[in-house]
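Fold the following, please.
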Amino acid sequence: MECKVIPFQTAAERDKTDADKAEALLSKAMEGFHKKLVVLDDDPTGVQTVHDVSVYTDWEEESIRKGFEEKENMFFILTNSRSFSVEETTRVHLDIAARVAKVARELGQDFMIISRGDSTLRGHYPLETQLLADGLTKNEGAVVDGEIICPFFPEGGRYTMDNIHYVKEQDNLVPAGMTEFAKDKTFGYKSSDLTEYVEEKTAGKYKKEDCITISLEELNALDIQGIKAKLISAKDMAKIIVNAVSYADLKVFCTALVLAMKEGKHYMARTAAAFTKVMGRILDQPLLGKAQLEGATKNGGIVLIGSHVKKTTDQLNCLKELDGQVDFMEFQVNTVFEENGLEKEVERTVKAAEEKILSGRTVVIYTSRQLLAPENMTPEEKLQISVKISNAVTSIIGKLQVKPKFIIAKGGITSSDVGTKALHVKKARVMGQVKKGIPVWMTGEESKFPGMPYIIFPGNVGEVSTLKEIVEELI
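Here you go, the predicted model:
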């Protein structure tokens, strides 16, 4: 099928799976299914669809053990590996595979690893899942039969039809390979067809024609046995592409998946956040409002914007309509090329922000939108520069001496670093979402500001007005 822009309504037109029947099928399949779901999150936005689950911000054996010992059937480990080099992500994923296998063996607990990746297909793929599969084989002796690839995420406007993955932009669905995300300097790609994406990303090791594909037609027909047979045929980390335009589609697929696992097959998953919601059996709950998110302090709040994608810039420009009600400060990223430039910029920003917050004003700190990087920089060097800038921006929260009434961090790497490096969160509880796809952590007792709602706003989620709406409600 040709990759072209199609009307957004196409997703609704192809939503034909009976939701009630899909839910009944999955509920029945889940009876007696006791695998612990270990979700590795390559940035902190993977909890976009869940609530009342724990997120651990390190992967020490002790944290993994605590996750396994919780009564819930799923826990998250925030790796933030999208900001890692290849070497670092390799070391971390081999460590995690070994520790998960060891803890599971000692506790006698079966498990499945879900590598929660970006719904716009960026990140260290296929490196991470291959490392995990190799690590589990080495430490467990279990060979992974198949890898589920399911970037469907309706909260963010991501749908997969006829193996083509689409991203909602205004009233259209744009093939992922035609979006700004595909032009990512570090994780760029060309293919929108997921079978071709697999071949592209694996440099031909896995051919497009060898992918196992689960079509919307099979899901609409509730063809559990046919889908299960396809899953059972998988071996040697075969790539399994899941089409979906609704949660009902995903429930049908997960029914077949659970039944295949009950028959002893082993799978790993590289998916967006919708898959974790379905497999974790997370029920819908209302969006969080001011009542749940407002702290006792009379201080102002702080919004930190690090993401540079166009969507974030558009949202920032819309937020600027609140100029006068909130105070805007531009953090100059090009000071990275000056000696001690970033340190001075941080100092200036913190001092100004504290004065405003103490006076009850909410502050928006945003990075200047254009990095004037030398043309001959390699992708690795560009990543290192962006990490340096991210560290500086993050340190603004870490250096604050006054407790804001709320914190919003915009952008995956920014929000992860704020949570772990600035707020020193070791374990957070996911409260829910403030808007679709925008999660809120409740910080733990060990953190810099304990018991504080922390809003994690992904760079690539929301409408143009979403950030403004959240800030407007909280100020």
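
Tell me where the stretch 301-450 of the chain has helices.
For the stretch 301-450 of the chain, the helices defined by DSSP state H, counting those that start in this stretch occupy 310-319, 341-358, 379-399, 412-417.

buried set for the shortest one?
Residues of helix 412-417 classed as buried by neighbour count (16 or more other CB atoms under 10 Å): 412-417. Every C-beta, even on glycine, is put in place using the N, C-alpha and C of the backbone.

now, among those, which is nearest to Thr202?
Gly412 (23.8 Å; CB to CB).

Please name the residues that touch that closest one.
43-45, 80, 82, 118, 307, 458-459 (CB atoms under 8 Å, 6 or more residues apart in numbering).

what residue ranges in the stretch 251-400 of the chain score low on pLDDT?
For the stretch 251-400 of the chain, the stretches flagged by pLDDT under 70 are 295.

Please repeat the previous calculation with a cut-off of 50.
Applying pLDDT under 50 to the stretch 251-400 of the chain flags no residue at all.

what helices or strands is the strand ranked longest in the chain leaning on?
Using DSSP state E, we find that the single longest strand of the chain is strand 427-435. Applying 3 or more CB pairs under 8 Å, 6 or more residues apart in numbering; DSSP states H and E, one finds that strand 427-435 contacts strand 54-56, strand 438-442, strand 453-457, helix 466-474.

For the stretch 1-150 of the chain, which segments count as strands?
Assigned by DSSP state E, counting those that start in this stretch, the strands in the stretch 1-150 of the chain fall at 6-7, 36-41, 54-56, 74-78, 111-116, 146-150.

so which of the ones you listed is the most packed in?
strand 146-150 (a mean of 26; mean count of other CB atoms under 10 Å).

Quickly run through the sheet partners of that one, with directions.
strand 238-242 (parallel), strand 267-271 (parallel) (DSSP bridges).

can you list those in CSV and add mean neighbour count and distance to His93?
Converted to CSV, the strands paired with strand 146-150 look like this (neighbours: other CB atoms under 10 Å; distance: least, CB to CB, whole Å):
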stretch, mean neighbour count, distance to His93
strand 238-242, 24, 18
strand 267-271, 23, 11
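
So for Thr57, which of those strands sits nearest?
strand 267-271 (20.9 Å).

got a list of contacts for that closest one?
112-117, 125-126, 128-129, 132-133, 136, 144-152, 231, 234, 237, 240, 257, 260-261, 275.

mind running it again at 7 Å?
112-117, 125, 129, 132-133, 144-151, 257, 261, 275 (CB atoms under 7 Å, 6 or more residues apart in numbering).

now swap in stretch 382-398 and tell me
Outside stretch 382-398, the residues that touch it by CB under 7 Å, 6+ apart are 83, 185-186, 304, 306, 331, 333, 336, 342, 345-346, 349-350, 353, 365, 367, 373, 407, 413-414, 417-418, 421-423.

which of the residues in stretch 383-401 are buried?
Using 16+ other CB under 10 Å as the test for burial, stretch 383-401 gives 383, 385-386, 389-398, 400.

do the same with stretch 12-32
By neighbour count with 16+ other CB under 10 Å, stretch 12-32 contains the buried residues 14-15, 17, 22-23, 25-26, 29-30.

Equivalent analysis for stretch 44-56, please.
Buried residues in stretch 44-56, counted by 16+ other CB under 10 Å: 44-51, 53-56.

Just flag the most distant two among the residues you listed.
Thr49 and Tyr56 (18.3 Å).

next one: stretch 173-185 to chain centre, how far?
17 Å (CA atoms, centre = their mean, to the nearest Å).

end-to-end on that stretch?
For stretch 173-185, the first-to-last residue distance is 23 Å (CA to CA, to the nearest Å).

Please give me every residue in contact with the closest residue to Ile302 other than its chain neighbours.
Of all residues not flanking Ile302 in the chain, Pro404 sits nearest, at 4.5 Å (CB to CB, 6 or more residues apart in numbering). Residues counted as contacts of Pro404 (CB under 7 Å, 6+ apart) are 299-302, 357.

Now, the residues you listed that are in strands?
Ile302.

which of the contacts of Pro404 lies closest to Leu288?
Nearest to Leu288 among the contacts of Pro404: Gly301, at 14.8 Å, using CB to CB.

Tell me how this structure divides into domains.
Domains of the chain are assigned by automatic domain parsing as 6-279, 290-474.

out of everything not next to it in sequence, what's closest to Glu196?
In space, Glu196 is closest to Lys208, 5.2 Å off (CB to CB, 6+ apart).

Would you check that that neighbour makes contact with Glu199?
Yes - Lys208 is in contact with Glu199 according to CB atoms under 7 Å; the separation is 4.5 Å.
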